[in-house]
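> build me a model:
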Amino acid sequence: MIDLYSWPTPNGHKIHIMLEETGLPYKVHPIDIGAGDQFKPEFLKISPNNKMPAMIDSEGPGGKPISLFESGAMLLYLASKTGKFLPEDLRDRWSTLQWLMFQMGGVGPMLGQAHHFLIYAPEKIPYAMNRYSKEANRLYGVLDRRLGESEFIACEEYTIADMAIMPWLRAPERQGVDIANYPQVQKWRDGIAARPAVQRGLAVLADRRKPVMDDKAKENLFGATQYQKR
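Predicted coordinates for the structure are as follows:
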């Protein structure tokens, strides 16, 4: 059994989707990042960087429990455990790994910054808004070109790279992006979103997310609380 500590964010959805796609049994433990659950000592034991998702697999290597944090590492672990969604062919495998790193190092951080400065920042800073919205559009352009060459992101089969990237592209308008300018991305994204396992993954904890972020949540996510020594 996998105990998953998560919340309905793009990084959380990556793992929800992978677990639904593989059919592994799992139990979800909500980590309400707006309420500050990520700072609780019991969560920090498995996620020292106070970020979700994190997980404990009671049947890890050698039959012993293993805990993991960082969504990219978790995808690789689950792919290794099940033998699914990470190609055996070495060229396709390395392509999958490089596009997974592209998400972890580029898509996630940069689209997250665009989202923050365009939507949540208490002060509207034109330089930051322009910088990150332009970078978001550049990244969509990279993906659009790639998807003009390949049915899926990494190769001609569905992989963990697709699962990692797709959840970040669900609300392009909040990143300063007009999805109509990237037709290959839109076609691919909508195709991935239509998969039954993806729909189930995106539904995990969806009812817990609040439509409006209150002051407490903003403080826990963006304020001094996250920088306290623990």
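> which parts of the protein are helices?
All helices of the chain, identified by DSSP state H, fall at 10-22, 41-44, 71-82, 90-102, 108-115, 126-147, 160-165, 183-193, 196-203, 215-222.
> tabulate those helices in a markdown table, adding columns for distance to residue 58 and mean neighbour count.
For the C-beta atoms, the positions are set from N, CA and C on the backbone; glycine is no exception. Shown next, in a markdown table, are the helices of the chain (distance: least, CB to CB, whole Å; neighbours: other CB atoms under 10 Å):
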| stretch | distance to residue 58 | mean neighbour count |
| --- | --- | --- |
| helix 10-22 | 14 | 24 |
| helix 41-44 | 17 | 12 |
| helix 71-82 | 12 | 19 |
| helix 90-102 | 25 | 17 |
| helix 108-115 | 28 | 20 |
| helix 126-147 | 36 | 17 |
| helix 160-165 | 22 | 28 |
| helix 183-193 | 30 | 17 |
| helix 196-203 | 21 | 16 |
| helix 215-222 | 30 | 15 |
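> in CSV, list those helices along with distance to residue 65 and mean pLDDT.
Output for these, formatted as CSV (distance: least, CB to CB, whole Å; pLDDT from 0 to 100):
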stretch, distance to residue 65, mean pLDDT
helix 10-22, 17, 98
helix 41-44, 15, 96
helix 71-82, 13, 98
helix 90-102, 25, 98
helix 108-115, 27, 97
helix 126-147, 37, 98
helix 160-165, 23, 98
helix 183-193, 32, 98
helix 196-203, 24, 98
helix 215-222, 29, 82
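> closest to residue 4 out of those helices?
Minimum separation from residue 4 across those (CB to CB) falls at helix 10-22, 6.3 Å.
> which helices and strands does that closest one pack with?
The contact analysis (3 or more CB pairs under 8 Å, 6 or more residues apart in numbering; DSSP states H and E) places helix 10-22 against strand 2-6, helix 71-82, helix 160-165, helix 196-203.
> between the helices of the chain, which one is nearest to residue 32?
Set against residue 32 and scored by CB to CB, these come closest in helix 215-222, at 8.7 Å.
> quick one: which of the helices and strands packed on helix 10-22 is nearest residue 47?
Closest of the helices and strands packed on helix 10-22 to residue 47 is strand 2-6, at 7.1 Å (criterion: CB to CB).
> which neighbours does the closest one have in its sheet, and in what orientation?
Sheet pairing for strand 2-6, assigned by DSSP bridges, gives strand 26-30 (parallel), strand 54-57 (antiparallel).
> gap between the shortest one and the chain center?
Spelled out, it's strand 54-57. Its chain's average C-alpha position is 16 Å from that of strand 54-57, according to CA atoms, centre = their mean, to the nearest Å.
> residue 217 versus the residue of the chain positioned farthest from its centre, what's the distance?
What lies farthest from the middle of the chain is residue 62; by CA atoms, centre = their mean that is 28.3 Å. From residue 62 across to residue 217, the span is 40 Å (CB to CB, to the nearest Å).
> what's the answer for residue 63, then?
On the measure of CB to CB, residue 63 and residue 217 end up 40 Å apart.
> residues touching the residue nearest to residue 60 when sequence neighbours are not counted, list them.
Nearest non-adjacent residue to residue 60, counting by CB to CB, 6 or more residues apart in numbering: residue 66, 3.1 Å away. Contacts for residue 66 (CB atoms under 8 Å, 6 or more residues apart in numbering) come out as 56, 57, 60, 77.
> residue 66 bridge partners, please.
The residues that residue 66 bridges to, once DSSP bridges is applied, are residue 57.
> one more: residue 29?
residue 5.
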